[in-house]
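# how does the following fold in three dimensions:
(3 chains)
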Amino acid sequence: MWNWFYKLASPPHFYRTATVLEPWLFWPALVLLAIGLYGGLVMAPADYVQGDGYRIIYVHVPSSYLSMFTYVTMAVTSAIGLIWRMKLAFCVAAACAPIGAAFTFMSLTTGAIWGQPMWGTWWVWDPRLTSQLILFFLYLGYMFLRQALAETRQADRASGVLAVVGVVNIPIIHFSVEWWNSLHQPASLSKLETPAIAGDMLWPLLVMILAYQLLMLALLMTGIRAQVLEREKNARWVGELLDTTGHEA
Amino acid sequence: MNEFFAMGGYGTYVWSAYSISFVVLAATVWFARRNLANTRERLKRQRLSKQDRTP
Amino acid sequence: MIRAFFMVMRRELTVAVRRWSDLVMPLVFFIIVCTLFPLAVGQDIEILNDIGPGAIWVAALLATLLSLNTLFRDDFEDGSLEQLVLDKEPLTFLLLAKTVAHWLVTGLPLVVLSPVLVLAFGMPVTAIPGVVLTLLAGTPALSLLGSVGAALTAGLRQASGLLALLLLPLTIPVLIFGARAADMAASGESIVGPLYMLGGISMLALTLTPFATAAAVRVSLD
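Predicted structure coming up:
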């Protein structure tokens, strides 16, 4: 019963699984993205408060959700790697960082662009926005730390400790900014609440979230392949793989 | 059609948010793939030079 | 175990006294950063009053950060960190002793010095106890969180920028509660609420960070 698990935990099998899965995640993601875009931009009606401005939700919410999902994935796999000394867990964690940073960046910029027409300002120091900004810095710190530590094994474990410390800290940051805001809350914030959303507005959002999720997994597969190769470069199966495949593979 | 691009006056905001999103997404995909290709190339070169030294 | 704790702490304090310039530098830095604010925003006493508590807290945070660079580096280079790892006493505990010593030589002097700066920002004398208390409750958390970052970057030569990038995001809750409480103290409000929160954060840091620091030290020595 556990056979598949042991198989998956062997680097060559893991690599091959990632290679097979990648296109099966990537192309459906693109199809769903097209459907979601058509639904969000064309089919969904304009919001009665925000007009057509609310349509930014279809790129903002998926990227915000994935910025957090990716961080949790990174922290959990880091913890697994630290506790059970699993090299493959660190492959996943390391591959998560640039993807998560990209989603966080998208979430921050689209949020600012949405904020300008809706609240009249690009940025407010509200808990969600501040936590998101901190999340971005955590991703950057994680990547810079890995960059600074030349040895892969050391980089894995050091950045793993950072990821775990960060995941404990995020709720505390969120809570502290919330408390801080409760003392002098800017009035404009009430508009931040996402309006209760109707069905024909909702389905494109769900499709977009699913598309982003699949795209993230596809990107993760690409990243994992690079990480596995790098770590296993002296293994025989990597040599055979490099010998048998041409330039394009 | 013009009406669609105007987005009820929010055109600039909506389209800039969408274009930033997709430029960043495309860049992330591109970087991930280039990184994988570079890793393979580098390992392959290393392997070839090693084979040259130990015939 | 308790004896080992105090032995490590005493050694740290002796080293710190012998290298007194390392001890004074964060303090001077603290004062200089505080001096920059009036020079940058002007002499308006009301504005200085407003930004004073926040400025003191930012300066304390930066001064702590500056001092963290050397927390593990010298011990890493001369091998005494390795000695601690090999010691039969638990590493977590020994590193906690180091961190406590670090707070005693950097955090505590900042607390002691802060009344002068309170007055320099033109805040009322009655604000002094509040500001001192918030720093007293908050700076231990800074040292504790800082020890994790310092341990992660112990083996790196040019790591001060990286250390700042790793640590500043993690210290934000301390800064928020500390600066807000200091601000409330300056305007004569009760600071019990935020003070509890600061104490809570410090206690949480005290129970969790030593383990992370120990893990990070082991990684750095790997």
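# so where do the helices sit in chain C?
Taking DSSP state H to define them, one finds helices in chain C at C:2-18, C:20-41, C:45-68, C:73-78, C:80-86, C:91-102, C:108-120, C:127-152, C:160-170, C:172-186, C:192-221.
# which of the helices and strands in chain B ranks last by mean pLDDT?
Using mean pLDDT, DSSP states H and E, helix B:2-6 stands out as the lowest-scoring helix or strand of chain B, at a mean of 74.
# any low-confidence regions in chain B?
Confidence mapping of chain B against pLDDT under 70 gives the ranges B:1, B:54-55.
# what is the burial count for the closest residue to A:A235 other than its chain neighbours?
Closest residue to A:A235 in three dimensions, ignoring its sequence neighbours and counting by Cβ to Cβ, 6 or more residues apart in numbering or on different chains: A:P11, at 6.9 Å. Every residue, glycine included, has its C-beta placed from N, CA and C. Using other Cβ atoms under 10 Å in any protein chain shown, A:P11 is surrounded by 17 other residues.
# circling back to that earlier point, of the helices of chain C, which is nearest chain B?
Set against chain B and scored by Cβ to the nearest Cβ, the helices of chain C come closest in helix C:160-170, at 21.1 Å.
# can you list the residues of chain A near chain C?
Contact residues, chain A versus chain C (Cβ under 8 Å from any Cβ of the partner chain): A:82, A:130, A:134, A:137-138, A:140-141, A:144-145, A:148-149, A:151, A:153-154, A:157-158, A:161-162, A:164-166, A:168-169, A:172-173, A:175-177, A:179-180, A:183.
# of the residues you listed, just the buried ones, PyMOL syntax please.
The PyMOL selection below is limited to those of the residues of chain A next to chain C classed as buried (16 or more other Cβ atoms under 10 Å in any protein chain shown):
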select buried, chain A and resi 82+130+134+137+138+140+141+144+145+148+149+154+157+158+161+162+164+165+166+169+172+173+176+177+179+180
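# just the ones of the residues of chain A next to chain C in helices?
Assigned to helices by DSSP H, the following of those qualify: A:82, A:130, A:134, A:137-138, A:140-141, A:144-145, A:148, A:153-154, A:157-158, A:161-162, A:164-166, A:168-169, A:172-173, A:175-177, A:179-180, A:183.
# what about the helix ranked longest in chain B, near chain A?
Taking DSSP H as the assignment, the helix of chain B that covers the most residues is helix B:11-53. Yes. With Cβ under 8 Å from any Cβ as the threshold, helix B:11-53 lies in contact with chain A, specifically through B:13-14, B:16-18, B:20-21, B:24-25, B:27-29, B:31-33, B:35-36, B:39-41, B:43-44, B:46-47.
# with mean neighbour count and distance to B:A6 added, can I get the helices of chain C in a markdown table?
Rendered in a markdown table, the data for the helices of chain C read as follows (neighbours: other Cβ atoms under 10 Å in any protein chain shown; distance: least, Cβ to Cβ, whole Å):
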| stretch | mean neighbour count | distance to B:A6 |
| --- | --- | --- |
| helix C:2-18 | 14 | 67 |
| helix C:20-41 | 15 | 44 |
| helix C:45-68 | 21 | 44 |
| helix C:73-78 | 15 | 59 |
| helix C:80-86 | 15 | 64 |
| helix C:91-102 | 22 | 60 |
| helix C:108-120 | 18 | 55 |
| helix C:127-152 | 26 | 50 |
| helix C:160-170 | 19 | 40 |
| helix C:172-186 | 25 | 41 |
| helix C:192-221 | 20 | 48 |
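# so who does C:T213 touch?
For C:T213, the set of contacting residues under the criterion of Cβ atoms under 8 Å, 6 or more residues apart in numbering or on different chains consists of C:T92, C:L95, C:L96, C:T99, C:S147, C:V148, C:A151.
# which of the residues of helix B:11-53 next to chain A are buried? Put it as a ChimeraX command.
One line in ChimeraX is enough to select the buried ones among the residues of helix B:11-53 next to chain A; burial here means 16+ other Cβ under 10 Å:
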select /B:13,14,17,18,20,21,24,25,28,29,31,32,33,35,36,39,40,43,44,47
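# is it true that C:S147 touches C:V100?
No. Judged on Cβ atoms under 8 Å, C:S147 makes no contact with C:V100 at a distance of 9.8 Å.
# and the residue nearest the centre of chain B?
Centroid check for chain B by Cα atoms, centre = their mean gives B:W30 as the closest residue, at 2.1 Å.
# so C:L175 sits against C:I56, correct?
No. Using Cβ under 8 Å, C:L175 and C:I56 do not qualify as a contacting pair, with a distance of 11.1 Å.
# what's in contact with the least confident helix or strand of chain B?
Counting contacts by Cβ under 8 Å, 6+ apart, the residues outside helix B:2-6 that touch it are A:L41, A:V42, B:G11, B:W15.
# can I get those residues in JSON lines with neighbour count?
Shown next, in JSON lines, are those (neighbours: other Cβ atoms under 10 Å in any protein chain shown):
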{"residue": "A:L41", "neighbour count": "17"}
{"residue": "A:V42", "neighbour count": "10"}
{"residue": "B:G11", "neighbour count": "16"}
{"residue": "B:W15", "neighbour count": "17"}
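# I'd like the next helix or strand past the lowest-mean-pLDDT helix or strand in chain A.
Every helix and strand of chain A was ranked by mean pLDDT, DSSP H and E. The lowest is helix A:3-8, at a mean of 70. On the C-terminal side of helix A:3-8, the nearest following helix or strand under DSSP states H and E is helix A:11-38.
# helices and strands around that next one, which ones?
The contact analysis (3 or more Cβ pairs under 8 Å, 6 or more residues apart in numbering or on different chains; DSSP states H and E) places helix A:11-38 against helix A:3-8, helix A:87-119, helix A:199-231, helix A:236-244.
# okay, buried residues for that helix please.
Applying 16+ other Cβ under 10 Å to helix A:11-38 flags A:11-12, A:14-15, A:18-19, A:22, A:25-26, A:29, A:32-33, A:35-37 as buried.
# residue contacts, A:T77?
A:T77 makes contacts with A:A89, A:F90, A:V92, A:A93, A:C96, as judged by Cβ under 8 Å, 6+ apart.
# what's the closest of those residues to chain C?
Checking the contacts of A:T77 against chain C by Cβ to the nearest Cβ gives A:F90 as the nearest, at 12.1 Å.
# check contacts around that closest one.
The neighbourhood of A:F90, defined by Cβ under 8 Å, 6+ apart, consists of A:T77, A:S78, A:G81, A:D156, A:R157, A:G160, A:Q227.
# residues contacting stretch C:187-206, please?
Residues outside stretch C:187-206 that contact it (Cβ under 8 Å, 6+ apart): A:172, A:176, A:179, C:124, C:126-127, C:130, C:133-134, C:137-138, C:140-141, C:144-145, C:173-174, C:177-178, C:180-181, C:184-185.
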